[in-house]
Structures are given as C-alpha cells and as structure tokens.
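In: have a look; sequence and predicted model below, questions after that.
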Amino acid sequence: MKFIVWGGLLAVTLLAGPAVAQSCRPPPIGAGANNLALGKPTSQSSSYFYDGIGSPDKAVDGNCNGTWSHGSCTHSGLERNPWLLVDLGEPRKIYVVVLKNREDCCGERLYEAEVHLGDSLDDHGRANPLCGIILNTSLGSITTIYCNGQEGRYISIHLPREDYLTVCEVEAYGTQ
C-alpha cells in the first residue's frame with residue numbers, strides 16, 4: 001500500500017512540472033502581480049561567505065526559505081551601517097516591498113532597518129526617500145513596507161548601526 005501512495009505522489013510531482021518561484025506573501029490587491037525584484041542585479045556593503053552562501057543575489061532568488069544553512073539568505077560582514085541594494089533596471093512605481101527575515105536565529109538584526117526607494121546611488125541608495133522601517137523582527141517574520149506608488153530604480157535596505165545585515169528575500173510589487 002505504501003508503494004502505491006509513494007508512486008502516486010511521485011507521479012503528481014513529475015506532472016506538476018518545474019518549480020516556479022512563489023511569493024513570500026501574496027501582494028495586496030492593486031499592488032501588481034509580478035515581483036519586479038526577482039532575479040535583478042544586487043550588491044551589498046560586504047559579504048560574509050560561508051561555503052558559497054551569503055551573497056547579495058540570494059535576496060532576489062525567489063526562495064523564501066529563511067534558514068541560513070539552506071543557502072537563500074544574504075549576509076554582510078560585521079560593520080557599521082551595512083546595506084543591500086537591488087537594481088530594478090529602470091524606474092518603477094512601487095506600491096509594496098516585502099522582506100523575509102531569518103527564521104533560524106538572529107531575527108533582531110533587522111530591527112529598525114530602513115527601506116529606501118529612488119533613483120540615486122548616493123550613499124548606496126540611502127539618500128533616496130524612505131519607504132519604511134522594519135520593526136517586526138521575530139524569527140521568520142515577513143514585513144510589508146508600503147511605498148504607495150513611489151517611483152524609483154533602486155531599493156536599498158540600510159541598518160543604521162554596527163551589526164550584520166541578513167535578508168532572506170526582497171520582493172517589490174508595482175507597475176512595469
């Protein structure tokens with residue numbers, strides 16, 4: 001009997017086709033259905049690499065897994081004012097930015113991280129208008145920042161103190 005059940009599950013999995021990146025949280029109605037940050041170029045102030053994980057591209061890989069060892073989170077070195085930047089390629093009207101926190105430890109590291117959106121690269125995007133600040137830092141938390149149609153090419157996350165910056169996913173919803 002177990003063989004039949006497992007065989008059926010395997011058949012369903014194979015018929016479902018390749019996996020598609022899913023949102024950490026469905027965007028609010030009217031925010032746009034496509035994650036405009038998915039697969040876009042990224043950079044960060046520094047990288048804390050361990051076995052090839054921690055690079056900035058992990059923030060836009062479409063994987064919402066928040067466990068560091070699973071390889072889908074960014075990680076800066078310990079430094080003053082670490083930052084992460086996503087380049088959307090051109091200015092976009094952004095209504096919502098969704099950020100996924102680590103779920104295995106260290107959630108408090110994102111406390112009071114600033115999310116900026118605009119067209120300037122001055123101070124790695126920190127000179128751009130502020131969309132919001134992350135206050136929920138519980139393990140695995142998903143924070144929704146409302147940018148309300150603000151336009152910009154660069155989304156940046158800045159930590160206004162000395163610490164590590166770790167983000168497990170950044171999503172942006174707006175108009176193309």
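Out: Thanks, I have it. What you see is a predicted model; the values in this text were computed from it and never measured.
In: test my guess that Asn128 contacts Glu114.
Out: No. Look at Asn128 against Glu114 with Cβ atoms under 8 Å: they stay out of range, at 10.0 Å. Quick note: C-beta positions are derived from backbone N, CA and C, even for glycine.
In: ok, those two, which is more surrounded?
Out: Asn128 (22 against 18; other Cβ atoms under 10 Å).
In: my read is that one is in a helix, agree?
Out: No. Looking at Asn128 with DSSP: H, G, I helix; E, B strand; the rest coil, it is coil, so not inside a helix.
In: so how far is Arg25 from the residue lying closest to it once chain neighbours are set aside?
Out: Of all residues not flanking Asn128 in the chain, Gly118 sits nearest, at 2.7 Å (Cβ to Cβ, 6 or more residues apart in numbering). As for Gly118, its distance to Arg25 is 24 Å (criterion: Cβ to Cβ, to the nearest Å).
In: and these two? Which one has more around it.
Out: Set Gly118 next to Arg25 and count neighbours by other Cβ under 10 Å: Gly118 wins out with 21 against 16.
In: ends of stretch 54-68, what's the gap?
Out: 8 Å (Cα to Cα, to the nearest Å).
In: list the buried residues in that stretch.
Out: Applying a neighbour-count criterion of 16 or more other Cβ atoms under 10 Å, one finds 54-56, 58-66, 68 buried in stretch 54-68.
In: roughly how far is that stretch from the heart of the chain?
Out: 7 Å (Cα atoms, centre = their mean, to the nearest Å).
In: same check on stretch 104-123?
Out: 10 Å.
In: and for stretch 35-49?
Out: On Cα atoms, centre = their mean, the centre of stretch 35-49 falls 8 Å from that of its chain.
In: between the two ends of that stretch, how far is it?
Out: 26 Å.
In: mind listing what's buried in it?
Out: Result for stretch 35-49 [16+ other Cβ under 10 Å]: buried residues 35-38, 40, 42-46, 48.
In: and that stretch, what's its mean pLDDT?
Out: Mean pLDDT, stretch 35-49: 94.
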